[in-house]
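Asks: I'll drop the sequence and a predicted model, then ask my questions.
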Amino acid sequence: MMKTNYVLIGFLAIMAGMIGFAIFFQEAFIDLMKHPALYSHARFLHIAAATLFLANAVVGILWEKRSLASGSKEIILHTYNTVAFLDSRFSSPLIILSLLGGLSLTFSSGELWQIGWLSVGFLLFLLSGIFWIVSDIPTQYRIKQLISGLKPEDQTLPDELTRLLKMRLWISMAGVIPLIIVLILMVYKPEITPVADWLR
């Protein structure tokens, strides 16, 4: 469990480093992202990573819901530990790859905040990430504390742990819904007002 936490922190540090590089070395970052040879690779990377990430998130929600419905302590704990493992080892790198591919495609398409579907999609992607960081990470921390305090002879899970696991389902769904909207925007590219024009 501790190793999983370090992996998750590592991927968060990589994302923070990417954001820092884009902010402090903006011209070099834009030149790198506009490189023509990267376009096809970036498109494949973005589509594959976004699809796998969304699929993993949805399957994780369904799997956790069914494990809670079973009422079995062993099934619930095994499911939660596996989903948490996949979040840190699978979803985190997919987020980074999706972001890299998406930014590369964005710089090849024009100004991010001037393209309606793209700017709204990116904003929803950021909001989903912020929601996940603010709500899911603290909830998972508390869940792990409660799990570490369980005794082998306990036949059932404490009420607080069950409540948090159920609450995590709602948190996960709230984080996934914006991503489904992003996928719809990415596929259909509707004509909508860009984020840059919202306050004009």
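Replies: It's in.
Asks: give me the neighbour count for the nearest residue to Thr162 once chain neighbours are set aside.
Replies: For Thr162, ignoring the flanking residues on the chain, the nearest one in space by Cβ to Cβ, 6 or more residues apart in numbering is Leu68 at 7.4 Å. (Glycine included, C-beta is placed from N, CA and C.) Counted by other Cβ atoms under 10 Å, the residues lying close to Leu68 total 19.
Asks: one more: Leu124?
Replies: The burial metric for Leu124, expressed as a neighbour count using other Cβ under 10 Å, is 17.
Asks: cool, Ile181 as well?
Replies: Neighbourhood size, Ile181 [other Cβ under 10 Å]: 15.
Asks: just Ala174 next, same as before
Replies: Using other Cβ under 10 Å, Ala174 has 14 other residues around it.
Asks: thought Ile130 was touching it, still the case?
Replies: No: in this structure, Ala174 sits apart from Ile130 without contact. The criterion is Cβ atoms under 8 Å, and the distance is 11.6 Å.
Asks: so where is the chain shaky, pLDDT-wise?
Replies: For the chain, residues meeting the criterion pLDDT under 70 lie at 1-9, 11-12, 15, 18-19, 22-23, 26, 30, 33-34, 108.
Asks: now do 80
Replies: 1-42, 88, 92, 100-101, 103-112, 154, 199-200 (pLDDT under 80).
Asks: most distant residue from the middle of it?
Replies: Glu153 (35.5 Å; Cα atoms, centre = their mean).
Asks: three-state assignment of that one?
Replies: Look at Glu153: counting by DSSP: H, G, I helix; E, B strand; the rest coil, its state is coil.
Asks: would you check how far apart it and Ser67 are?
Replies: Separation of Glu153 from Ser67 (Cβ to Cβ, to the nearest Å) stands at 21 Å.
Asks: okay, and Leu146 sits in which element?
Replies: In this assignment (DSSP states H and E), Leu146 forms part of helix 137-148.
Asks: apologies, that question was intended for Leu157.
Replies: Secondary-structure assignment from DSSP H and E places Leu157 in no helical or strand segment.
Asks: just give the number of residues close to the spatially closest residue to it that is not a sequence neighbour.
Replies: For Leu157, the nearest residue in space outside its immediate sequence neighbours is Lys73; the separation is 5.6 Å by Cβ to Cβ, 6+ apart. Summarising burial for Lys73: neighbours were counted as other Cβ under 10 Å, giving 15.
Asks: one more: Ala37?
Replies: Here the number of neighbours of Ala37 (other Cβ under 10 Å) works out to 7.
Asks: how about it, phi and psi?
Replies: As for Ala37, its main-chain torsions (degrees, to the nearest 10) stand at phi -70, psi -20.
Asks: residue contacts, Trp117?
Replies: Residues touching Trp117, when contacts are defined by Cβ atoms under 8 Å, 6 or more residues apart in numbering, comprise 185-186, 188-192.
Asks: tell me which of the residues you listed fall in helices.
Replies: Secondary structure assignment by DSSP state H places 185-186, 188 of those in helices.
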